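*Asks:* just the structure for this:
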Amino acid sequence: MMKTRPHRRAVEAQPITMVYDMPSVLPPGTTPVSRLYYEDWNIKVVDREKTGCDNYLTPNRRDFYKIMFMTSGTGMKTMGKENYFIDERTILFLHPNEIVCWRNASPTVGGGIFCMFKKRYLDQHPSLKLIIDRYKFFTEKKILRLSEESAKMIHSLLTQMKAEAASGDPLAEEAMQAYVQLILVESLKGTEYAPVGEISNDYSHVYDFFTLLEKETNLANIDNPIRIRTAREYAEKLNLNPNYLNGLVKKHTGQPISTLIKNRLIEESKALLVQTAWTLQEISQIIGFADQPNFSQFFKKYVGITPNEFRRSPISPDYEG
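*Replies:* Now for the predicted structure:
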């Protein structure tokens with residue numbers, strides 16, 4: 001039987017600096033592209049208080065919700081086409097469909113504790129979904145400034161969640177959703193941020209490219225295969241010169257459009273291999289290959305193993321090792 005694929009503060013006055021005009025702690029012009037959506041987990045807590053959070057851009061729609069509690073550093077968060085200057089005692093609620101970017105704005109790399117949970121986890125816990133929908137978290141309530149007292153409470157709750165996740169207790173995931181509800185209730189005491197400005201025209205083109213790339217790939221299936229596969233085709237869709245668009249994308253991400261398209265096709269291939277029971281021939285056609293051998297050769301060249309080997313890997317529900 002075929003598996004069902006998941007559906008697909010305002011701050012004190014200061015000069016407005018657009019996120020992509022800011023110097024990076026990484027090589028100039030690079031904002032690494034992060035993609036993490038085919039992995040098999042329900043809820044997890046990631047502690048970045050000591051290691052900090054480097055610059056990143058997540059252009060693909062994810063299958064998980066993300067709560068970011070910032071405890072140190074400052075930076076610019078781009079969500080959609082608006083910029084927000086973020087500092088300590090801030091909590092962010094990132095919707096799976098949001099294209100987001102983070103750029104550090106201080107020598108100290110921004111740190112915090114992050115909680116992520118899959119859409120299916122939310123479906124399994126209607127009381128958690130109820131509070132999210134009632135108070136419009138992730139849709140209208142996206143960025144909140146916390147009082148010192150609320151920040152301490154949420155830090156404590158996330159620390160307890162981390163310990164719960166590490167306990168290995170069979171009821172850990174049940175307990176963790178209760179902690180998430182407490183975090184949401186405490187966050188309601190916060191005040192909403194106001195954006196500090198819209199994105200630049202340059203980044204608007206970059207945003208439009210990633211939006212189109214995601215639209216083309218995210219809902220790909222047997223009846224709707226990927227049809228746009230080259231930088232020229234994407235530029236034509238956006239009414240831009242291919243070299244101009246490629247230059248903008250490379251300036252902001254450090255990678256040419258061809259590499260980003262290739263990486264997106266690989267990640268979508270991984271998702272289809274893990275989340276569906278479609279044959280390799282069917283997946284080949286969905287990704288845009290005329291035949292399965294060419295697809296397998298492409299996949300092995302960039303992933304290092306064949307599609308069948310990946311499907312049997314530990315990340316796959318079918319793993320038997």
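
*Asks:* which residues in this protein form helices?
*Replies:* Taking DSSP state H as the criterion, the chain carries its helices at 119-124, 126-134, 148-167, 172-187, 201-218, 231-237, 242-253, 257-275, 280-287, 292-303, 307-311.

*Asks:* the ones you listed into JSON lines, with extra columns for mean pLDDT, distance to Gly80 and mean neighbour count?
*Replies:* Using the backbone N, CA and C atoms, a C-beta is placed for each residue, glycine as well. Listed next are those as JSON lines, based on pLDDT from 0 to 100; distance: least, CB to CB, whole Å; neighbours: other CB atoms under 10 Å:
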{"stretch": "helix 119-124", "mean pLDDT": "92", "distance to Gly80": "20", "mean neighbour count": "16"}
{"stretch": "helix 126-134", "mean pLDDT": "95", "distance to Gly80": "19", "mean neighbour count": "13"}
{"stretch": "helix 148-167", "mean pLDDT": "94", "distance to Gly80": "25", "mean neighbour count": "16"}
{"stretch": "helix 172-187", "mean pLDDT": "96", "distance to Gly80": "20", "mean neighbour count": "18"}
{"stretch": "helix 201-218", "mean pLDDT": "85", "distance to Gly80": "8", "mean neighbour count": "18"}
{"stretch": "helix 231-237", "mean pLDDT": "92", "distance to Gly80": "20", "mean neighbour count": "17"}
{"stretch": "helix 242-253", "mean pLDDT": "90", "distance to Gly80": "16", "mean neighbour count": "18"}
{"stretch": "helix 257-275", "mean pLDDT": "88", "distance to Gly80": "19", "mean neighbour count": "20"}
{"stretch": "helix 280-287", "mean pLDDT": "94", "distance to Gly80": "28", "mean neighbour count": "20"}
{"stretch": "helix 292-303", "mean pLDDT": "94", "distance to Gly80": "30", "mean neighbour count": "15"}
{"stretch": "helix 307-311", "mean pLDDT": "91", "distance to Gly80": "33", "mean neighbour count": "17"}
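
*Asks:* nearest to Phe69, out of those helices?
*Replies:* helix 148-167 (5.7 Å; CB to CB).

*Asks:* who does the closest one touch, helix- and strand-wise?
*Replies:* strand 43-47, strand 64-72, strand 111-118, helix 172-187 (3 or more CB pairs under 8 Å, 6 or more residues apart in numbering; DSSP states H and E).
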